[in-house]
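Q: Structure of the sequence below:
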Amino acid sequence: MHTETMYFECKQEYTDDIKKEIVAFANTLGGEIIIGIDKFGEVVGVENPDDIMLRVTNSIRTSVKPDISPFVSYHISIEGDKHVVVIRVQAGTAKPYYLAMKGLRPEGVYVRHGSASVPATDYEILRMVRESGPEDFEEMRSIEQDLSFEEAKKVFQKERISFDAQQKQSLGALRMDATYSNLGLLLSDECRHTIKLALFADTTPMRFVDRTEITGSLFRQLNEAEAWIDRYNRTQSVFEGYKRIDTLDYPEEALREVLLNSLIHRDYACRDSTLIKMYEDRIEFITHGGLAKGATSESVLGGVSTLRNPGLAGVFYRLDYIEAFGTGIYKIMDAYKEHEQKPQFTLLDNAFIVTLPNVKYEVKVSEQSRISQSHSDVIKNLLAKCDTINRQEAQEKLGLSKAQSARILKQMLDDGLIERIGSGPTLRYKRTAE
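A: Alright, predicted model coming up:
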C-alpha cells in the first residue's frame, strides 16, 4: 500500500498532467512519482514502461522551462509481478520552473503543498526568482508580460521624451531578451502594488472620514495620491496689513518629497501597500521594506542615499521628479525650518515611517485652550453671583449650543472647579468649596 505525501505522488497511468507534478517537485524539495499505482495505493502496473519513460522525457523537454531534464531521472521497477515507472525529481537550481504554455504566472508555476501540487502564489514565484539568481528585483523578468503603458506614455510625452522600445530598454524596463522587467511592471498600467490612504476624524485611528486605494502605474499612483492629500491639506489665510498670507496644514514641498521617497525606496518584493494616514495633528507615510542593503539608520538620517531601486530612481530623475539622490531628508526638514514642530523619522526592521506634523494644530490647540479658559471664567463669575446654576442658565450666559455648554461644564467638573447638586431635571452646579 502506497500513501501520497509531500515527497511522493501516485499515478495509475501516464497523463499529460504528470509534467505539472514534476514542476511542483522541482520547485519545492524534490520527490518521487510512481506510474502504475491507483488512487487507493494499490499496484496496478503499466504496459510498455519504456514508452512511458520516453513520453515523459519528450514532454518535459518541450513543455517545461527552464530545462528541467538534469534534475529528473527514470527507472523501471517491478513490484510483485507488475512493472511501474519511477520518476525521481530533484529540487532544481533555476527555479521557478513553469509550463511553457502557461508562462511564469500562478497557472504555470506549481509547488508542493502537503500531498498536493498546487499553483504557486505571486509571492512564492517572486521569492524563487530572487533566490535563484544574483539579479536585483528591478532587473528580474516580470511575472506579468502582457503590459500596457498608457499612463507612462502621457508622462513622457508631457516632458517631450520618447517612450519607445529603445527608451524602455535604456531605462531598464525592457530586458535584452525582449521581456519586461519588474521595473517595467512598476511603470505599467498593470502594476499590482497599491497605495492606501485614510483620513481620520481626530488624532486616533478610531473613526474614518475618508479612505481609498490607488492602483495602476506608479505615475498614476503618484498623481492621484498628491491630489487626495491636497484635498485635505487645508489653507488658512491671515492678513498682515494689506498682504494676505496663506498657510497650509502641511508644507507642499515636504509632502511631495516624502511621497516620492515612499515610491522610490519601497521594497516591491513585498506585496503590502504603502500606507498614508492623515490625522488631525499629523500625517504618516509608512513604506514597507525597512533599510536597503548596505544602509544604516545613521547614514539614512544623515542624508546618505542607498538606493533599493536605482532604476526607478533613475526614471524619476530623468523626468525631473527628483533633483538629486540623497537630498530628500534635507528638503523635508527645510520645509519645516520656520515651524516649531519638526518631522519624525522612524526606522523599523521592515518599514520606514515618516511623520509630518500639522503646523497649525499646535496653534489650534492653544487657541482652543484659551477659549475654554475664557468660558470657564464666565461660569465662575456667574456662580459668584448666583451660588448655583443649571445647564440652561450656563448656556444662555455662554451664548453656545446645548452640547457645547455641556462640554464646558463637564470639563470644569473633571478639573474639580465645580460640583453637582441633585440629579435629573433638578441638577444644578455650584463652585467647589475652597
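Q: Please report how far the nearest residue to residue 100 once chain neighbours are set aside lies from residue 94.
A: Leaving aside its chain neighbours, residue 100 sits nearest to residue 65 (4.9 Å; criterion: Cβ to Cβ, 6 or more residues apart in numbering). The way it works is simple: take the backbone N, C-alpha and C, and place the C-beta from them, glycine included. When Cβ to Cβ, to the nearest Å is the yardstick, residue 65 and residue 94 sit 9 Å from each other.
Q: joint contacts of the two?
A: Common contacts of residue 65 and residue 94 (Cβ atoms under 8 Å, 6 or more residues apart in numbering): none found.
Q: same for the helix or strand harbouring residue 86, what does it pack against?
A: Using DSSP states H and E, residue 86 sits within strand 82-89. If contacts are counted by 3 or more Cβ pairs under 8 Å, 6 or more residues apart in numbering; DSSP states H and E, strand 82-89 sits against helix 18-27, strand 31-35, helix 49-63, strand 72-79.
Q: orientation of it relative to helix 49-63 in degrees?
A: Strand 82-89 and helix 49-63 are oriented at 30 degrees to each other (axes from the mean of the first three to the mean of the last three Cα atoms, to 10 degrees).
Q: now what about the helix or strand just after strand 82-89, what contacts it?
A: Using DSSP H and E, the helix or strand that follows strand 82-89 in sequence is strand 98-99. Contact with strand 98-99 is made by 19, 20, 23, 63, 64, 65, 104, 105, 108, 109, as judged by Cβ under 8 Å, 6+ apart.
Q: Could you measure from the residue nearest the centre of the chain over to residue 287?
A: Centroid check for the chain by Cα atoms, centre = their mean gives residue 273 as the closest residue, at 1.6 Å. Residue 273 sits 10 Å away from residue 287, going by Cβ to Cβ.
Q: do the same with residue 259
A: Distance from residue 259 to residue 287, by Cβ to Cβ: 10 Å.
Q: cool, and residue 312?
A: 13 Å.
Q: So for the residue of the chain most remote from its centre, what's the pLDDT?
A: Centroid-distance maximum for the chain: residue 385 at 61.5 Å, with Cα atoms, centre = their mean. Looking at residue 385, its pLDDT is 82.
Q: can you tell me the helix or strand for it?
A: helix 361-386.
Q: ok, then the element right after that helix?
A: strand 388-389.
Q: and that following strand, what's its mean pLDDT?
A: 88.
Q: Just the residues contacting it, thanks.
A: Contacts for strand 388-389 (Cβ under 8 Å, 6+ apart): 379, 382, 383, 397, 421, 428, 429, 430.
Q: And the residues you listed, which two are furthest apart?
A: Across the contacts of strand 388-389, no pair lies farther apart than 397 and 421, at 17.9 Å, counting by Cβ to Cβ.
Q: okay, those two: which has more neighbours?
A: residue 397 (16 against 13; other Cβ atoms under 10 Å).
Q: quick one: average confidence on stretch 201-218?
A: On average, stretch 201-218 scores 93.
Q: So which residues make contact with it?
A: Under Cβ under 8 Å, 6+ apart, the answer for stretch 201-218 is 149, 151-152, 186-191, 193-200, 220-221, 224-225, 228, 232, 263, 273, 277, 279-282, 312.
Q: Of those, which count as buried by neighbour count?
A: Buried by 16 or more other Cβ atoms under 10 Å: 149, 151-152, 186-191, 193, 195-200, 220-221, 224-225, 228, 263, 273, 277, 279-282, 312, out of the contacts of stretch 201-218.
Q: Just the ones in helices from these, please.
A: 151, 152, 186, 187, 220, 221, 224, 225, 228, 263, 312 (DSSP state H).
Q: Put together a markdown table for those residues, with distance to residue 128 on each row.
A: What follows is those, written out as a markdown table (distance: Cβ to Cβ, whole Å):
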| residue | distance to residue 128 |
| --- | --- |
| 151 | 29 |
| 152 | 28 |
| 186 | 20 |
| 187 | 23 |
| 220 | 29 |
| 221 | 27 |
| 224 | 33 |
| 225 | 31 |
| 228 | 36 |
| 263 | 26 |
| 312 | 22 |
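Q: Show me which of these is closest to residue 119.
A: Using Cβ to Cβ, these come closest to residue 119 at residue 186, 23.6 Å.
Q: Touching, the closest one and residue 268? I think so.
A: Yes. Checked against Cβ atoms under 8 Å, the pair residue 186 and residue 268 is within contact range at 6.4 Å.
Q: hey, what's in contact with both of these two?
A: Joint contacts of residue 186 and residue 268 (Cβ under 8 Å, 6+ apart) are residue 193.
Q: What pairs with the strand holding residue 86, parallel or antiparallel?
A: strand 31-35 (antiparallel), strand 72-79 (antiparallel) (DSSP bridges).
Q: tell me the most buried of the ones you listed?
A: strand 31-35 (a mean of 21; mean count of other Cβ atoms under 10 Å).
Q: and that strand with helix 18-27, angle?
A: 160 degrees.
Q: Distance from the chain centre to strand 31-35, please.
A: Strand 31-35 has its C-alpha centroid displaced from the chain centroid by 40 Å (Cα atoms, centre = their mean, to the nearest Å).
Q: what does it rub up against?
A: So strand 31-35 is contacted by 2, 6-14, 18, 21-22, 25, 46, 52, 77, 84-89, 112 (Cβ under 8 Å, 6+ apart).
Q: hmm, back to that, residues making contact with the strand holding residue 86?
A: 14, 18, 22, 25-26, 30-37, 43-47, 49, 52-53, 56, 71-78.
Q: Give me the buried positions along that strand.
A: 83, 84, 85, 86, 87, 89.
Q: These into TSV, with extra columns for pLDDT and distance to residue 121?
A: Shown next, in TSV, are the buried residues of strand 82-89 (pLDDT from 0 to 100; distance: Cβ to Cβ, whole Å):
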residue	pLDDT	distance to residue 121
83	93	38
84	93	33
85	93	31
86	93	30
87	94	26
89	93	21
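Q: how about low-confidence regions in the stretch 151-300 of the chain?
A: 236-246, 290-300 (pLDDT under 70).
Q: Could you pull up the mean pLDDT of stretch 65-76?
A: 89.
Q: hey, C-alpha coordinates of it in PDB?
A: Extracted C-alpha coordinates of stretch 65-76, given in PDB (Å, rounded to 0.1, in the frame of the first residue of the first chain):
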ATOM      1  CA  LYS A  65      11.000  26.000 -18.800                       C
ATOM      2  CA  PRO A  66      13.900  26.400 -17.900                       C
ATOM      3  CA  ASP A  67      15.300  23.000 -18.900                       C
ATOM      4  CA  ILE A  68      14.400  20.600 -16.100                       C
ATOM      5  CA  SER A  69      16.000  17.500 -17.600                       C
ATOM      6  CA  PRO A  70      19.200  17.400 -15.500                       C
ATOM      7  CA  PHE A  71      17.000  17.100 -12.300                       C
ATOM      8  CA  VAL A  72      14.800  14.200 -13.500                       C
ATOM      9  CA  SER A  73      15.700  10.500 -13.600                       C
ATOM     10  CA  TYR A  74      13.700   7.400 -14.500                       C
ATOM     11  CA  HIS A  75      13.800   3.700 -14.000                       C
ATOM     12  CA  ILE A  76      11.500   0.800 -14.200                       C
END
